[in-house]
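Engineer: Quick one, structure for this:
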Amino acid sequence: MAAIEKKSFDSPDEARPHEGKGKAEIVEIGGQSVARITLEPGWKWSINLKPIAKTDSCQVNHLGYVTSGRIKITMDDGTEEEYGPGDVYAVAPGHDAEVVGSETCVTVDFGKVGDYAKQA
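Structural biologist: Alright, predicted model coming up:
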């Protein structure tokens, strides 16, 4: 018999606050972690998550979908891309990110987010 699971971000398995201006809510399902990431205007990875990650740039492999707001990704080599509502993204490790504009950015991330924004 096939197994099915259902979880909701309304009651996540774990909530991980950033250093101000954001949070990641994690659900564990199907043997994987899925994150709803909420980032407030002014949020920037190198300011709000670098102290948690303790790396020079984000080393998480992201695969996700933007539900609201806008985010700009800057790779370590300087390549940039901006994402908004309805965009699906794949971002390799080695990047910075920042919210663009005055709207909160919300994404759902199916990438390797098991340790994303996790306090040591």
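Engineer: Now do stretch 90-102: everything it contacts.
Structural biologist: Here stretch 90-102 makes contact (CB atoms under 8 Å, 6 or more residues apart in numbering) with 39-46, 57-63, 69-77, 82, 105, 111. From N, CA and C alone the C-beta is placed, and that goes for glycine too.
Engineer: typo on my end, stretch 109-120
Structural biologist: So stretch 109-120 is contacted by 16-18, 23-24, 26, 32-37, 49, 52-54, 60-64, 90-91 (CB under 8 Å, 6+ apart).
Engineer: same thing but 7 Å
Structural biologist: 16, 18, 24, 26, 33-35, 37, 49, 52, 60-64 (CB atoms under 7 Å, 6 or more residues apart in numbering).
Engineer: for the spatially most central residue of the chain, what are its contacts?
Structural biologist: In the chain, the C-alpha closest to the average C-alpha coordinate belongs to residue 37, at a distance of 4.7 Å (CA atoms, centre = their mean). Contacts of residue 37 were listed using CB under 7 Å, 6+ apart, and they are 24, 107, 109.
Engineer: Please, which helix or strand holds the second one?
Structural biologist: Following DSSP states H and E, the helix or strand that holds residue 107 is strand 105-109.
Engineer: If residue 37 is in a bridge, with which residues?
Structural biologist: Counting by DSSP bridges, residue 37 is bridged to residue 24, residue 107.
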